[in-house]
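J.: fold the following and give me the result.
(2 chains)
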Amino acid sequence: MKKEVVKLTDVWVEFNGVTILQEQNLTLFDNDFLGIIGPNGGGKTTLLKVILGLVKPSRGEVRVFGQAPGGVRRDIGYVPQLSFFDRDFPINVMDVVLMGRLSMRSLFQPFTNEDKNAALMALEKVEMSDLRHRQIGKLSGGERQRVFIARALVGKPKLLLLDEPTASVDPKMKTGIYDLLEELKNNMAIILVTHDMGVISSHVDKIACLNCQLYSHDDKNISREMLEAVYHCPVDLIAHGVPHRVLDEHKGKR
Amino acid sequence: MGILHYEFMQNALLVAVLASIACGLIGALVVTKRITFISGGIAHAAFGGIGLGYFLGINPLYCVIPFSLASALGIGWISKKFKIAEDTTIGIFWAMGMALGVVFIGLTPGYAPDLFSYLFGNILTVPRSDVILMLFLDLFIVVIVGLLYKEFLAISFDEEFTQVCGVKVQAVYLVLLCLVALTVVLLVRIVGIVLVIALLTMPATIAKMFTFSLRKMMIYAILVGALLSTGGLWLSYVLDLASGATIILFSGTVFMLISWLQHVHRARVQKTD
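T.: Model prediction:
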């Protein structure tokens, strides 16, 4: 039997009386690759933060590797949403990736050569080792995203959470990131939050739509009903750049 | 170089170097983590400690240590605990600390000597006992920054990710604020609480223009700080002006000059590109 990695049972999250997540039930197994799509403000990032233990649910139970979240941080790799940051920040690529080894070193303990080797290997995996001495602010959006993926991988996680890793990334780099995830899913469970509805279908095993409530399907076809329930309006998907059709043919007359 | 023969001048130079060490290390963190305003708040709240020192009739510097540590922890803790915007908490502590100082000094019978030197500094009158205190504070700051370097860098760059890695982010942040408080204590004798913030930020900001490594930034900031404070000290001697204010004005002038030169240099590089 496959090992359970994440299990959410009836999880609710509220902020100041506003319900962000409602009745979340989700089970993720080893080597699963789950894609989560949904509108902005639908709670996608909050869901990841619940799994990370950064947001406490107001109701329900969260289990990550059978434990309360927060206790297993060493096994989780996290690629946060690209947000504004100081482009002049005095840090180079290598030191950013080393941050991913913080969970393995205690307070007061400096990074070891083992950490540095692991960081270098992670950078090689995302093909960024040549730029390891470059200041992080001098990278392009796609390069920076790769560095953040390396930072998430350097701790050898068993669960990888990615929040919009392909936002503001050019198409070629995007393909590279998806190819990398394809390779990684052999060794870990992955949850990918994205806007990229067209592309993810050809890579993920399961898709869920999130708008406060979670609509999950155990296969990777996005159904029209699912999307309409999530976006509260008729949605048409045009899939481009994908080798196969994502959606079923529209039924009935238009 | 005849002025170096005077003992008070040798003392002043030693004090300037000691201050530059704390300034460079903590200033680099203050600038990269962008906590200049909170540092200003801690510095001004420290005036309450000075007032308390006068009131109790003991060395005000000994009162400033617990007072500024308490305000550092207070600002950090209260804004988190009661979900008040941090800049609001800073403003409140800033004003309350100064108000307390005024009340304490008002309650103290007689005239408050040297009060002006605590507000605007006087590097020439630092007693030996305070120099020794500064030496210990410096040592403490160097050791803690050395031990927590990777955590300080991490929380400055990406607090959330650091938390995900299991680091007690809030505790590390409070330790950093306490180090800022101790640096304020170190600087009070030199430039006074009103001018502390300038000496904390200017050397580090100049250093940041020449490197993108936090470690190097700290070292450069120490060197720049030593040059600026000794240069300002020399100027104040030659021109017979107040030492603290002269150091600040000299540093500020150099800072603006370097910023302008860098701007010109960048514009030229862009043109040739």
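
J.: what comes up buried for stretch A:72-81?
T.: When burial is assessed from 16 or more other C-beta atoms under 10 Å in any protein chain shown, stretch A:72-81 yields the following buried residues: A:Val72, A:Arg73, A:Asp75, A:Ile76, A:Gly77, A:Tyr78, A:Val79, A:Pro80. In this view, the C-beta of every residue, glycine as well, is placed from N, C-alpha and C.

J.: where does the stretch 151-273 of chain B dip in pLDDT?
T.: Confidence mapping of the stretch 151-273 of chain B against pLDDT under 70 gives the ranges B:273.

J.: got the residues of it near chain A?
T.: When proximity is defined by C-beta under 8 Å from any C-beta of the partner chain, the stretch 151-273 of chain B lies next to chain A at B:151, B:153-154, B:156-158, B:160-167, B:208, B:211-214, B:216-217.

J.: can you say which of these are buried?
T.: Judged by neighbour count, with 16+ other C-beta under 10 Å as the criterion, the buried members of these are B:151, B:153-154, B:156-158, B:160-167, B:208, B:211-214, B:217.

J.: of those residues, which belong to helices?
T.: In helices, defined here by DSSP state H, the members of those are B:151, B:153-154, B:156-157, B:160-164, B:208, B:214, B:217.

J.: need the max-distance pair from the residues you listed.
T.: In these, two members sit farther apart than any others by C-beta to C-beta. They are B:Val164 and B:Lys208, at 27.2 Å.

J.: in strands, which of the buried residues of stretch A:72-81 fall?
T.: A:Ile76, A:Gly77, A:Tyr78, A:Val79 (DSSP state E).

J.: of those residues, which ones also sit close to chain B?
T.: Filtering these for proximity to chain B (criterion: C-beta under 8 Å from any C-beta) leaves A:Ile76, A:Tyr78.

J.: closest to B:Pro109 among the ones in strands among the buried residues of stretch A:72-81?
T.: If you rank those by distance to B:Pro109 using C-beta to C-beta, A:Tyr78 comes first, at 60.8 Å.

J.: just the pLDDT at that closest one, thanks.
T.: On the pLDDT scale, A:Tyr78 is placed at 93.

J.: same check on A:Thr27?
T.: Looking at A:Thr27, the pLDDT reads 86.

J.: and it, helix, strand or coil?
T.: The three-state label for A:Thr27, taken from DSSP: H, G, I helix; E, B strand; the rest coil, comes out as strand.

J.: what residues are bridge-paired with the closest residue to it other than its chain neighbours?
T.: Distances taken as C-beta to C-beta, 6 or more residues apart in numbering or on different chains put A:Lys7 closest to A:Thr27, at 5.1 Å, once the chain neighbours are dropped. The partner list for A:Lys7 in beta bridges (DSSP bridges) reads A:Thr27, A:Arg63.

J.: spit out the contact partners of A:Lys7.
T.: A:Lys7 makes contacts with A:Leu26, A:Thr27, A:Leu28, A:Glu61, A:Val62, A:Arg63, as judged by C-beta atoms under 8 Å, 6 or more residues apart in numbering or on different chains.

J.: fine, thanks again, bye for now.
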